[in-house]
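Student: Coordinates for the following, if possible.
(chains A, B and C)
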Amino acid sequence: MLNWLIKSEPDVFSIRDLEKVEQEPWSGVRNYQARNFMWRDMKVGELALFYHSNANPPGIAGVARVASAAYPDPTQFEKNGEYYDPKATEEKPRWYLVDFEHVATFDELLPLTVMKADDVLSEMLVCQKGTRLSITPVEDKHFNHVLDLAGVTI
DNA sequence: GCCAACGTTGGC
DNA sequence: GCCAACGTTGGC
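Tutor: Numbering: from 1, shown residues only, chains lettered A, B, ... in the order given. Okay, the predicted model is just below:
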């Protein structure tokens, strides 16, 4: 059982948006490392911290759960879509995704500034300068510490 | 809006 | 297979 952190721009898709849908296909990831995490490593039922990037302020907004096995990202085949990949074919897809479902929304966002100032959480990849990866694994101690600070029990 | 960090592309 | 150029991410 692994834990994850997934980034989303709240202007595009926020934790509130996740509350409203039953399951959300995590489409549009076009980074091989992030794809491999979804395709190879994620298992149904695993939990992910839902991080608001490009936000004011940025930080962790809640928790999501892996709700499906990996399958080809349909947006890679949409010719006029933003995420079209001409090198991908139905027979040989390049991009895979999983669905996420909502688990919890924090009463208050846990801001990146607070995480960086925390002795434990400052070790997290998302706190390191220059980490642009949109999906990262999260250690148990970090995951649990975030839930503690947010006052959330799952 | 700036810019540092980093991934990807493509010429050679 | 190297690496310069370019594009993107994302905090500030």
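Student: Can you pull the residues of chain A lying near DNA strand C?
Tutor: Selection of chain A residues close to DNA strand C by CB under 7 Å from any atom of the strand yields A:7, A:9, A:30, A:53-55, A:58, A:112-113, A:116, A:132-134. (C-beta placed from N, C-alpha, C; glycine too.)
Student: Please report the distance of A:Leu147 from DNA strand C.
Tutor: 20 Å (CB to the nearest atom of the strand, to the nearest Å).
Student: Smallest gap between chain A and DNA strand B, at which residue?
Tutor: A:Gly130 (2.2 Å; CB to the nearest atom of the strand).
Student: would you say that residue is within a strand?
Tutor: No. Under DSSP: H, G, I helix; E, B strand; the rest coil, A:Gly130 falls outside any strand and is assigned coil.
Student: in the helix ranked longest in chain A, what counts as buried?
Tutor: Looking across chain A with DSSP state H, the single longest helix is helix A:140-150. For helix A:140-150, the neighbour count (16 or more other CB atoms under 10 Å) marks A:142-143, A:145-147, A:149-150 as buried.
Student: Return the list of helices and strands in contact with it.
Tutor: Judged by 3 or more CB pairs under 8 Å, 6 or more residues apart in numbering; DSSP states H and E, helix A:140-150 is in contact with strand A:3-8, strand A:47-52, strand A:59-66, strand A:99-111.
Student: Go again with 10 Å.
Tutor: With contacts taken as 3 or more CB pairs under 10 Å, 6 or more residues apart in numbering; DSSP states H and E, helix A:140-150 sits against strand A:3-8, strand A:47-52, strand A:59-66, strand A:99-111, helix A:112-117, strand A:135-138.
Student: Which stretch among those is buried most, on average?
Tutor: Comparing these by mean neighbour count (mean count of other CB atoms under 10 Å), strand A:47-52 ranks first with a mean of 24.
Student: Is there proximity between that strand and DNA strand B?
Tutor: No. Strand A:47-52 stays clear of DNA strand B (CB under 7 Å from any atom of the strand), getting no nearer than 14.7 Å.
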